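In: sharing a sequence plus its predicted fold:
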Amino acid sequence: SNWSGFEFSPDGFHLLVNTNEALIVLDGFKKDVPPIVIPRKNESGTTLGGCLSADAKYVFSGTEDNELQVYDKLTGVLKNTFLGHVAPVGSIRCNPKYDMVASGCVNTALWLKGLSSM
């Protein structure tokens, strides 16, 4: 699968690889640690967003079903799903200073930790 992006976790211990079919969490130092693969349905081949939370505990994933999904970084278990977009979520970024997540498609949504039950 082609990479559409990658980023280091805020704590510096992991690397998140974003592809059209999955998000892959790699250990930043140990090559013998198996990666956490978070598959996602993407039949349209749209470039979907993904990022790590500011506290480095969660992976945020955009979906082609117009959702923002939150996964546990170490287990790949789905923790929550947020609705509010009208198209596939192609961009997601975390703001560490204000503990907020911004996600976008043709509209932009701002998610606050205390109000959105992340």
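Out: Good, I have the coordinates. As the structure is a prediction and not an experimental result, all values here were calculated from the model. Residues are numbered from 1 along each chain as shown.

In: the residue of the chain positioned farthest from its centre in helix, strand or coil?
Out: Seen from the C-alpha centroid of the chain, the residue lying at the greatest distance (Cα atoms, centre = their mean) is residue 32, 23.4 Å away. State at residue 32, reduced to three classes by DSSP: H, G, I helix; E, B strand; the rest coil: coil.

In: now swap in the one 10 residues further on and tell me
Out: When classified by three-state DSSP, residue 42 comes out as coil.

In: any idea how far residue 96 is from it?
Out: Residue 42 sits 28 Å away from residue 96, going by Cβ to Cβ, to the nearest Å. Using the backbone N, CA and C atoms, a C-beta is placed for each residue, glycine as well.

In: compare those two (neighbour count), which wins?
Out: residue 42 (19 against 11; other Cβ atoms under 10 Å).

In: hmm, residue 49 and the more buried one touching each other?
Out: No - between residue 42 and residue 49 there is no contact under Cβ atoms under 8 Å: 11.7 Å.

In: residues in contact with the residue nearest the centre of the chain?
Out: Against the mean C-alpha coordinate of the chain, by Cα atoms, centre = their mean, the closest residue is residue 60 at 2.4 Å. Applying Cβ atoms under 8 Å, 6 or more residues apart in numbering, we find residue 60 in contact with 49-53, 68-71, 92, 94, 101, 103.

In: rebuild those as CSV, extending it with pLDDT.
Out: Shown next, in CSV, are those (pLDDT from 0 to 100):
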residue, pLDDT
49, 94
50, 95
51, 95
52, 95
53, 93
68, 94
69, 95
70, 95
71, 97
92, 95
94, 92
101, 93
103, 95
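
In: list just the nearest of those to residue 36.
Out: Nearest to residue 36 among the contacts of residue 60: residue 71, at 8.5 Å, using Cβ to Cβ.

In: and that closest one, what element?
Out: strand 67-72 (DSSP states H and E).
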